[in-house]
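Peer 1: okay, here's the prediction I keep looking at, along with the sequence it came from:
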Amino acid sequence: SGTVPKAMSKPATGNFDRGPVIPTTPLVTFLEHVQETALATFGQKDFDPKLYVDLSLKSNLSTTVTAFHKLPRNATGSVSIPDFKEFMHEYFDGAGNDLVYAEPPDFVPEPDGFLPKVKNPQVRAWALEVHALWKNLSRRVSCSVSERPEFHTLLPLPGPVVIPGSRFREVYYWDSYWVIRGLLASKMYKTAKAIVTNLIYLIDTYGYVLNGARAYYTNRSQPPLLSAMVYDIYNRTGDLDLVKKALPALLKEHQFWNSGIHKVNVQDNRGRNHTLSRYYAMWNKPRPESSTTDKVHASKLLNASEKEQFYRELASVAESGWDFSTRWMRNTSDFTTLAITSILPVDLNIFILKMELDIVSMAQIVGDNKTVESFLKSAQARKEAIDSVFWNEENGQWLDYWISNGTGSQECQRWKASNQNNNAFASNFVPIWIDLFNSGL
Ligand SMILES: OC[C@H]1O[C@H](O[C@H]2O[C@H](CO)[C@@H](O)[C@H](O)[C@H]2O)[C@H](O)[C@@H](O)[C@@H]1O
């Protein structure tokens with residue numbers, strides 16, 4: 001119907017942004033200024049703000065900033081196109097130049113046992129063309145990034161990577177899940193393991209898997225599917241070392257999604273307390289990769305604290321991977337009413353339940369009985385929470401649940417049927433991915 005639950009259609013008054021903020025780097029902040037000048041200089045047509053925060057420096061930051069400030073400007077802040085192009089050429093390396101092509105070590109044009117059930121010759125030929133795309137999308141981070149990390153917004157990663165492509169010139173968290181499913185079909189186990197190793201490295205370095213491997217993505221994660229990647233690879237290859245390496249990282253990631261601002265308590269009709277998780281980015285400014293457009297949207301809001309809250313919602317929606325959808329809006333025709341931090345999403349909680357079940361299986365594999373026991377309990381508790389908070393008998397679906405906005409992780413909300421969002425989203429069916437909900441047991 002295009003409406004959100006009535007109780008949630010208005011934000012609480014006097015609400016202002018209170019969440020944590022992870023600062024970005026001086027280079028990202030500077031590149032946002034360059035981005036703004038580029039927009040004033042080149043105009044809106046075909047303008048991609050992300051291109052400018054993906055540039056790397058040729059000289060050190062202070063020299064570049066000085067040259068930037070010396071550029072002659074007119075009243076609107078624009079620079080003449082030749083002057084700006086010359087400045088860009090002299091001081092920056094092109095976006096994506098710090099990721100270099102890398103031949104995947106395990107690619108063969110037609111792998112043994114490739115899609116055995118696909119017999120139709122035309123479909124097979126097409127599937128092999130798709131398979132060949134791995135070569136186009138395979139990269140490694142250039143040595144220049146670890147030599148001078150302060151020159152780059154690209155983050156160093158230990159192993160080769162597969163990127164989504166086009167304007168997405170870096171590794172993304174949840175894209176990697178489908179990449180790995182494809183790599184397993186292509187029998188490229190080495191490449192699949194390298195991707196997982198990079199994601200584990202991000203957990204070891206930052207405490208969670210970043211949205212993507214860029215300095216401007218360090219304030220949020222993305223749908224947590226690492227356990228599913230590791231478990232799929234293990235089931236195909238039996239690689240015990242990979243499981244041993246991944247398990248401690250997965251425990252850390254589980255802690256990230258079940259503590260602080262990500263954690264919310266809800267008491268059901270029968271007085272039982274449940275803990276579920278939400279998306280919540282640690283950022284309350286425009287997203288650097290979309291700064292110019294985020295500011296245009298925020299200009300409709302009146303005061304600084306409303307803007308900060310809106311910027312937090314934008315970044316949190318980016319954390320969900322569903323950027324953007326009416327699913328997250330109080331008023332589906334007003335973009336500034338994004339309110340994902342006031343929603344307990346069905347899909348996120350299913351991904352975390354899957355993480356808990358995968359941790360149980362992996363802990364069993366390595367013989368860590370304490371972890372098996374504790375995560376069986378966590379999975380059981382989340383299954384009950386999902387049944388109590390999200391399930392809607394009448395619709396026969398699991399529905400997102402709206403909480404009062406400004407809810408902290410210590411408070412406990414009383415469950416109300418009217419806070420379930422009755423609209424049909426693909427995410428309402430994500431529970432069927434998991435056997436627990438699928439088998440009717
Ligand atoms: O395929 C990569 C991802 O692309 C989209 O999101 C990314 O781009 C946004 C704007 O440039 C950025 O703010 C966001 O944080 C990025 O993840 C897409 O919505 C994602 O689902 C996808 O993983």
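Peer 2: Arrived safely.
Peer 1: write out the residues of this structure neighbouring the ligand.
Peer 2: 50, 164, 168, 172, 174-175, 211-212, 287, 289-290, 318, 321, 323 (Cβ under 6 Å from any ligand atom). In short, each C-beta sits where N, CA and C put it, glycine included.
Peer 1: please repeat the previous calculation with a cut-off of 8 Å.
Peer 2: Residues of the chain lying close to the ligand by Cβ under 8 Å from any ligand atom are 50, 164, 167-168, 172-175, 211-212, 217, 220, 222, 287, 289-290, 314-315, 318-319, 321-324.
Peer 1: just the ones in helices from these, please.
Peer 2: 50, 175, 314-315, 318-319 (DSSP state H).
Peer 1: with the residues you listed in mind, which one is nearest to the ligand?
Peer 2: Comparing those against the ligand with Cβ to the nearest ligand atom places residue 318 closest, at 3.3 Å.
Peer 1: test my guess that the closest one contacts residue 288.
Peer 2: No: using Cβ atoms under 8 Å, residue 318 makes no contact with residue 288, being 11.3 Å away.
Peer 1: any low-confidence regions in the stretch 301-441 of the chain?
Peer 2: Residues of the stretch 301-441 of the chain meeting the criterion pLDDT under 70: 406-407, 409, 439-441.
Peer 1: show me where it has its helices.
Peer 2: For the stretch 301-441 of the chain, applying DSSP state H, counting those that start in this stretch gives helices covering 304-320, 346-366, 369-385, 435-438.
Peer 1: adding mean neighbour count and distance to residue 186, write these out as JSON lines.
Peer 2: Output for the helices of the stretch 301-441 of the chain, formatted as JSON lines (neighbours: other Cβ atoms under 10 Å; distance: least, Cβ to Cβ, whole Å):
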{"stretch": "helix 304-320", "mean neighbour count": "23", "distance to residue 186": "28"}
{"stretch": "helix 346-366", "mean neighbour count": "22", "distance to residue 186": "23"}
{"stretch": "helix 369-385", "mean neighbour count": "16", "distance to residue 186": "32"}
{"stretch": "helix 435-438", "mean neighbour count": "14", "distance to residue 186": "26"}
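Peer 1: any chance of the ones you listed in TSV, plus distance to residue 252?
Peer 2: Putting those into TSV (distance: least, Cβ to Cβ, whole Å) gives the following:
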stretch	distance to residue 252
helix 304-320	17
helix 346-366	11
helix 369-385	13
helix 435-438	24
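Peer 1: who's in contact with residue 159?
Peer 2: 140, 194-195, 197-198 (Cβ atoms under 8 Å, 6 or more residues apart in numbering).
Peer 1: that one sits in which helix or strand?
Peer 2: Here residue 159 is covered by no helix or strand, with elements defined by DSSP states H and E.
Peer 1: let me see the backbone angles for it.
Peer 2: phi -120, psi 180 (degrees, to the nearest 10).
Peer 1: can you give me the helices for the stretch 51-200 of the chain?
Peer 2: Secondary structure of the stretch 51-200 of the chain (DSSP H, counting those that start in this stretch): helices at 61-70, 81-91, 121-137, 143-147, 175-185, 189-206.
Peer 1: make a markdown table out of the ones you listed and add mean neighbour count, distance to residue 386 and mean pLDDT.
Peer 2: Formatted as a markdown table, the helices of the stretch 51-200 of the chain follow (neighbours: other Cβ atoms under 10 Å; distance: least, Cβ to Cβ, whole Å; pLDDT from 0 to 100):
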| stretch | mean neighbour count | distance to residue 386 | mean pLDDT |
| --- | --- | --- | --- |
| helix 61-70 | 13 | 48 | 98 |
| helix 81-91 | 14 | 51 | 98 |
| helix 121-137 | 13 | 35 | 97 |
| helix 143-147 | 14 | 41 | 97 |
| helix 175-185 | 20 | 20 | 98 |
| helix 189-206 | 20 | 25 | 98 |
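Peer 1: among those, which is nearest residue 226?
Peer 2: Nearest to residue 226, of all the helices of the stretch 51-200 of the chain, is helix 189-206, at 5.4 Å by Cβ to Cβ.
Peer 1: can you name every helix or strand that the helix or strand that the closest one is followed by contacts?
Peer 2: From helix 189-206 onward toward the C-terminus, using DSSP H and E, the following helix or strand is helix 226-237. Contacts defined by 3 or more Cβ pairs under 8 Å, 6 or more residues apart in numbering; DSSP states H and E place helix 226-237 against helix 175-185, helix 189-206, helix 240-257, helix 346-366.
Peer 1: what comes up buried for helix 226-237?
Peer 2: Neighbour-count burial for helix 226-237, counted by 16 or more other Cβ atoms under 10 Å, picks out 226-234.
Peer 1: likewise for stretch 155-168?
Peer 2: Buried residues in stretch 155-168 (16+ other Cβ under 10 Å): 155-157, 159-164.
Peer 1: which pair in the residues you listed spans the largest distance?
Peer 2: Largest separation among those by Cβ to Cβ: 156 and 164, giving 19.2 Å.
Peer 1: I'd like the ones in helices among the residues of the chain next to the ligand as JSON lines, with distance to residue 61 appended.
Peer 2: Shown next, in JSON lines, are those (distance: Cβ to Cβ, whole Å):
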{"residue": "50", "distance to residue 61": "20"}
{"residue": "175", "distance to residue 61": "30"}
{"residue": "314", "distance to residue 61": "27"}
{"residue": "315", "distance to residue 61": "24"}
{"residue": "318", "distance to residue 61": "26"}
{"residue": "319", "distance to residue 61": "28"}
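Peer 1: of those residues, closest to residue 253?
Peer 2: residue 319 (13.7 Å).
Peer 1: wait, isn't residue 33 in contact with residue 68?
Peer 2: Yes: between residue 33 and residue 68 there is a contact at 7.1 Å, judged by Cβ under 8 Å.
Peer 1: and stretch 155-167, how far out from the chain middle?
Peer 2: 14 Å (Cα atoms, centre = their mean, to the nearest Å).
Peer 1: and if you look at stretch 388-397?
Peer 2: Mean-position distance between stretch 388-397 and its chain equals 27 Å (Cα atoms, centre = their mean).
Peer 1: stretch 302-312 too?
Peer 2: Distance of stretch 302-312 from the chain centroid (Cα atoms, centre = their mean) equals 22 Å.
Peer 1: one more: stretch 81-100?
Peer 2: On Cα atoms, centre = their mean, the centre of stretch 81-100 falls 28 Å from the chain's centre.
Peer 1: what distance separates the start and the end of that stretch?
Peer 2: Chord length of stretch 81-100, first to last residue, is 29 Å (Cα to Cα, to the nearest Å).
Peer 1: what lies in contact with that stretch?
Peer 2: For stretch 81-100, contacts defined as Cβ under 8 Å, 6+ apart pick out 37-38, 41-42, 51-52, 54-59, 63-64, 67-68, 71-72, 79, 139-142, 144-145, 152, 154, 161, 163, 169-170.
Peer 1: okay, and which of these map to strands?
Peer 2: 56-57, 139-141, 161 (DSSP state E).
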